[in-house]
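# Based on what follows, work out the 3D shape:
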Amino acid sequence: MNATLEKLHHASLTILKETGIRIHHSETLEILKQNNIRVDGDVAFFNADSVMTWINKAPEKFTLYARNPIHDMDIGGEKSWYGAGYGCPAIIDADGHRRNAKFEDYCTFLKLVHQSECFHLNGGALVQPDDLPTTHCFPIMMGAAIRFSDKCLLGFPGDEPHMRRMMEMMEIVFGGIDELKKVPRLITMTNTTSPLQLDEIALSTMKICAEYRQPLIISPGPIAGATGPITPAGNIALGNAELLAAIAITQMMAEGTPVVYGLQATTADMKTGGISIGSPGFSLETAWGARLAKYYGLPCRAGGASSDAKGVSVQSGYESMLAMFVSRQEQVNVILHSAGILDAYGAMSYEQFLVDTEIISMVDYYLGDITDDKESLAVDLIHKVGPGGQFLAQPHTFQHCRTVPWTPGITHRGKLPEGNAHETVMGRIDKKKEALLEAYTPPPLDEEIDSALKDFLKRSL
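Below you'll find the model as predicted:
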């Protein structure tokens, strides 16, 4: 066993035993007491044997089922799945101009995600629109996600009334409460509050998802040097302690609830005090988070195509590529923030979204490695062509030319037309976006379900 993993694990267990974690939820405190977890006021203390007993009750793998079965996601093991950006309140346009996100942007991203072959997961807070009332925005956004896509659904965390409304919508779509509880249909991400706290929103989200047997991504985000120790090992140990406690609590609520280990440890910029997700420190913490998840035998979420850049630029390219490559190399199972993120989670960009899908395509191709069968080794062909020959006009080349080489979507090759290289690529990005949106058609939705959803929204808003 890797010695560093052992040290991180034991450091986290020491934190849970000696420092504890604050629980802002009276009902959860009672659950902990009933399961012989020591509670002092609102702080819970876990011993190693207890916490690991509960962790081991969470499944190693599970399937998330989409309305359209071709998009079902088997989560766990070595397979990676992508989710686009999440939670950004702003849009950065192609010229670098920043504006508040609108509901129209949310719907446009739903369509782009639906059209892109990269994604089997849609919905969630792709952006946070400022033209929807705060109290009603999530049901409206969930309704749009159901209507615009038949891929797997990402939910919205919230208090208990909000979570029950969301589950009621899922009941409408999937045939009632009993049918919904049979298999995972909705995955919801919630966060701990670093350092060492679980608030009412997180615990209510965990409670209702566990009640409905719907999977959770639990995602601590300690910031090294701000809400966590500045050293990567200390920051990871802190976030891991929060995760172990949260996963154990979820299993106390309902044994066997699918949980994705979602450590998203970040770093602080010591010059500005702001968060940084484009640094190699972020990617280093991503790698160790994924390794810890596999150490515990749990599915994991981490990383993404993350950038601190304020617009589409060389910076947004190299930062996103590093973060995505590390996520894939470490076999992260659910990669959220995989397309469109700029300004350290502060904004989404249509242009960066398409850049990131190109990055995903490149990384997938590279990690797919080579094929070494007889046809691919092509020894007979090489012998036939011989020294000084050519392969361009060979039938073997014609047979494989559309499937073997990596084919770019926005990358420019060949002679540069009038204008500069940046303008050329941005033009290709714009054409790609328009082509995706022009090709979009809404997936079929049963008329009775559609009508029931509309009635639900009228009652709820």
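# how close does R328 sit to A290?
Look at R328 and A290: by CB to CB, to the nearest Å, they are 10 Å apart. Glycine gets a C-beta too; all of them are placed from N, C-alpha and C.
# partners of the longest strand along the chain, with directions?
With DSSP state E setting the assignment, residue counts place strand 186-190 as the longest strand in the chain. The pairing partners recorded for strand 186-190 under DSSP bridges are strand 152-154 (parallel), strand 216-218 (parallel).
# name the element Y106 belongs to?
Under the criterion DSSP states H and E, the helix or strand holding Y106 is helix 103-115.
# Name the residues that touch that helix?
The contact list for helix 103-115 (CB atoms under 8 Å, 6 or more residues apart in numbering) reads 84-85, 91, 119, 121-123, 126-127, 129, 131-132, 140-141, 144-145, 148-151, 340, 348, 350, 353, 433, 436-437, 439-440, 443.
# Looking at the most centrally placed residue in the chain now. What's its pLDDT?
Here the mean C-alpha position of the chain is nearest to the C-alpha of L336 (CA atoms, centre = their mean), at a distance of 1.8 Å. L336 is assigned a predicted lDDT (pLDDT) of 96.
# got it, and G303?
For G303, the predicted pLDDT is 84.
# Going by length in residues, pull out the top helix of this structure.
Assignment by DSSP state H gives helix 232-253 as the longest helix of the chain.
# Run the angle between it and strand 186-190 for me.
When axes from the mean of the first three to the mean of the last three CA atoms, to 10 degrees is applied, the directions of helix 232-253 and strand 186-190 differ by 130 degrees.
# Let me see the ranges of the helices in the stretch 51-200 of the chain.
103-115, 137-148, 160-174, 177-182, 200-211 (DSSP state H, counting those that start in this stretch).
# my read: T193 touches E200, true?
No. At 10.3 Å, T193 does not count as touching E200 under the criterion of CB atoms under 8 Å.
# Can I get the strands paired with strand 186-190 in CSV including distance to T286 and mean neighbour count?
Shown next, in CSV, are the strands paired with strand 186-190 (distance: least, CB to CB, whole Å; neighbours: other CB atoms under 10 Å):
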stretch, distance to T286, mean neighbour count
strand 152-154, 19, 26
strand 216-218, 15, 27
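# closest one to P161 among the ones you listed?
strand 216-218 (18.3 Å; CB to CB).
# contacts for the closest one?
Here strand 216-218 has contacts from 187-192, 202, 205-206, 209-210, 243, 246-247, 250, 257-262, 301, 334, 336, using CB under 8 Å, 6+ apart.
# Show the pLDDT at the closest residue to A347 other than its chain neighbours.
Among residues not flanking A347 along the chain, A90 sits closest, at 4.1 Å (CB to CB, 6 or more residues apart in numbering). Looking at A90, its pLDDT reads 98.
# what do you get for the one 10 residues further on?
We note a pLDDT of 98 for N100 in this prediction.
# Repeat that for the one 10 residues further on.
At L110 the predicted local distance difference test score is 98.
# residues near it, how many?
23 (other CB atoms under 10 Å).
# begin at 216 from here
Let's use 216 as the start, then, which means that last one is L325.
# Nearest residue to it in space, please, no chain neighbours.
Closest to L325 by CB to CB, 6+ apart is F363, at 4.1 Å.
# count of neighbours near that neighbour?
F363 has 22 nearby residues by other CB under 10 Å.
# Could you measure from P348 over to M356?
Distance, P348 to M356, by CB to CB: 12 Å.
# With neighbour numbers in mind, choose between those two.
M356 (23 against 8).
# That one and L369 touch, don't they?
No. If you go by CB under 8 Å, M356 and L369 don't touch, sitting 10.5 Å apart.
# Need the residues touching each of the two.
G338.
# Run through the chain and note the low-pLDDT ranges.
Residues of the chain meeting the criterion pLDDT under 70: 216.
# Identify all contacting residues around stretch 603-618.
A593, L596, V600.
# quick one: contacts for the last one?
For V600, the contacting residues are F606, Q609, by CB under 8 Å, 6+ apart.
# What are the buried residues along the helix or strand containing D571?
Using DSSP H and E, D571 sits within helix 565-582. For helix 565-582, burial by neighbour count (16 or more other CB atoms under 10 Å) applies to 565-578.
# Now do the helix or strand encompassing S227: which elements does it pack against?
Using DSSP H and E, S227 maps to helix 218-233. On a contact count with 3 or more CB pairs under 8 Å, 6 or more residues apart in numbering; DSSP states H and E, helix 218-233 meets strand 258-260, helix 263-270, helix 447-468, helix 495-510.
# Return the distance of stretch 580-598 from the chain's centre.
For stretch 580-598, the separation from the chain centroid amounts to 34 Å (computed by CA atoms, centre = their mean, to the nearest Å).
# Now it: buried residues?
Neighbour count says stretch 580-598 has A593 buried, by 16+ other CB under 10 Å.
# for stretch 511-528, same thing?
So, applying 16+ other CB under 10 Å, buried residues of stretch 511-528: 511, 513-528.
# okay, how far is it across it, tip to tip?
38 Å (CA to CA, to the nearest Å).
# ok, back up a step: contact partners for the residue nearest to the centre of the chain?
G298, A299, Y301, M404, I432, R516, G519.
# any idea what sits nearest the last one, other than its immediate chain neighbours?
Read that as G519. H552 is the one closest to G519 (CB to CB, 6+ apart), at 3.1 Å.
# which residues does P444 contact?
P444 touches N450, L453, counting by CB under 8 Å, 6+ apart.
# measure it to S434 for me?
19 Å.
# With V594 instead?
V594 is 50 Å from S434, by CB to CB.
# Tell me, how many residues neighbour Q249?
That count, for Q249 with other CB under 10 Å as the rule, works out to 9.
# what's the answer for E649, then?
When neighbours are counted by other CB under 10 Å, E649 registers 10.
# cool, F261 as well?
Around F261 there are 24 residues (other CB under 10 Å).
# ok so, going back, what's the helix or strand just after the longest helix of the chain in contact with?
As assigned by DSSP H and E, the chain's next helix or strand after helix 447-468 is strand 474-476. The set of residues external to strand 474-476 that reach it, using CB under 8 Å, 6+ apart, is 273, 290, 402, 430-433, 458, 462, 465-466, 504, 507-508, 511, 513-516, 548-549.
# go on, stretch 376-392?
With CB under 8 Å, 6+ apart, stretch 376-392 has contacts from 282, 353-354, 357-358, 361, 368, 370-373, 394-395, 400-401, 403, 419-420, 422-424, 427, 429, 664, 667-668, 671, 675.
# Any of the residues you listed buried? List them.
282, 353-354, 357-358, 361, 368, 370-373, 395, 400-401, 403, 419-420, 422-424, 427, 429, 664, 668, 671.
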